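# Fold the stuff below for me.
(chains A and B)
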Amino acid sequence: GAGVSQSPRYKVAKRGQDVALRCDPISGHVSLFWYQQALGQGPEFLTYFQNEAQLDKSGLPSDRFFAERPEGSVSTLKIQRTQQEDSAVYLCASSLGQSPSYEQYFGPGTRLTVT
Amino acid sequence: LAKTTQPISMDSYEGQEVNITCSHNNIATNDYITWYQQFPSQGPRFIIQGYKTKVTNEVASLFIPADRKSSTLSLPRVSLSDTAVYYCLVGDDYKLSFGAGTTVTVRA
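Next up, the predicted model:
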């Protein structure tokens, strides 16, 4: 069946530009997560949605980062006024629930390079 | 969150068994132990999860001693396609904490 998809797969932005990264979760998955993965590091949590509600945004590094999931399905992570330190792979994951006993299914990620 | 310690890298050969041990001395009562695998240019993929004793699935086995202060992921008869980064995660939170992982390189 279809897994989690993300677009674009690669994005190059000039410093100061705004970017929008899209995530299409597995159909029926209530929970959706965004992670940021710097080169050579493990993914780090950014934010969590249960359906359309953003229940946890404790990992967002600054107020330039904004995420939404208006209809409880597709989600968009927006970064305003991009900085070089924003260069990373942004991963989206979905699961049937928020309990850690539910497996999180990850997409392939969007590699953002800020020049 | 429980802090985990695992080797930075391991080398193996095709057909061998690979065992990766993760230390988590301050694991809490409600914490699960979960392993993920990540190939280059892909997102992490769930391998196995356990709470105590031994868990086995079609991909791997997870051994957890009674004190739960460590765990060992066992990959039987590895192939070149098992070359990846393996992450040990410990917690009871939806916020997965990955750490740096163990890079396993399988050689022919």
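
# Quick check: the residue nearest to B:C88 when sequence neighbours are not counted vs B:D82, distance?
Spatial nearest neighbour of B:C88, chain neighbours left out: B:C22 (3.4 Å); criterion: Cβ to Cβ, 6 or more residues apart in numbering or on different chains. Using the backbone N, CA and C atoms, a C-beta is placed for each residue, glycine as well. Separation of B:C22 from B:D82 (Cβ to Cβ, to the nearest Å): 17 Å.

# So between these two, which is more surrounded?
Under the criterion of other Cβ atoms under 10 Å in any protein chain shown, the comparison of B:C22 against B:D82 puts B:C22 first, with 22 against 19.

# Where does B:V90 fall, secondary structure wise?
strand B:84-91 (DSSP states H and E).

# Could I get the buried residue list for that strand?
Across strand B:84-91, burial judged by 16 or more other Cβ atoms under 10 Å in any protein chain shown covers B:A84, B:V85, B:Y86, B:Y87, B:C88, B:L89, B:V90, B:G91.

# Settle this for me: B:G50 is touching B:I33, isn't it.
Yes. If you go by Cβ atoms under 8 Å, B:G50 and B:I33 touch, sitting 5.4 Å apart.

# quick one, what contacts the residue nearest to B:R45 when sequence neighbours are not counted?
Distance criterion Cβ to Cβ, 6+ apart; nearest residue to B:R45, sequence neighbours excluded, is B:Q37 at 5.1 Å. Going by Cβ atoms under 8 Å, 6 or more residues apart in numbering or on different chains, B:Q37 touches B:P44, B:R45, B:I47, B:A84, B:V85, B:Y86, B:Y87.

# low-scoring pLDDT stretches of chain B, where are they?
Applying pLDDT under 70 to chain B flags the ranges B:1-2.
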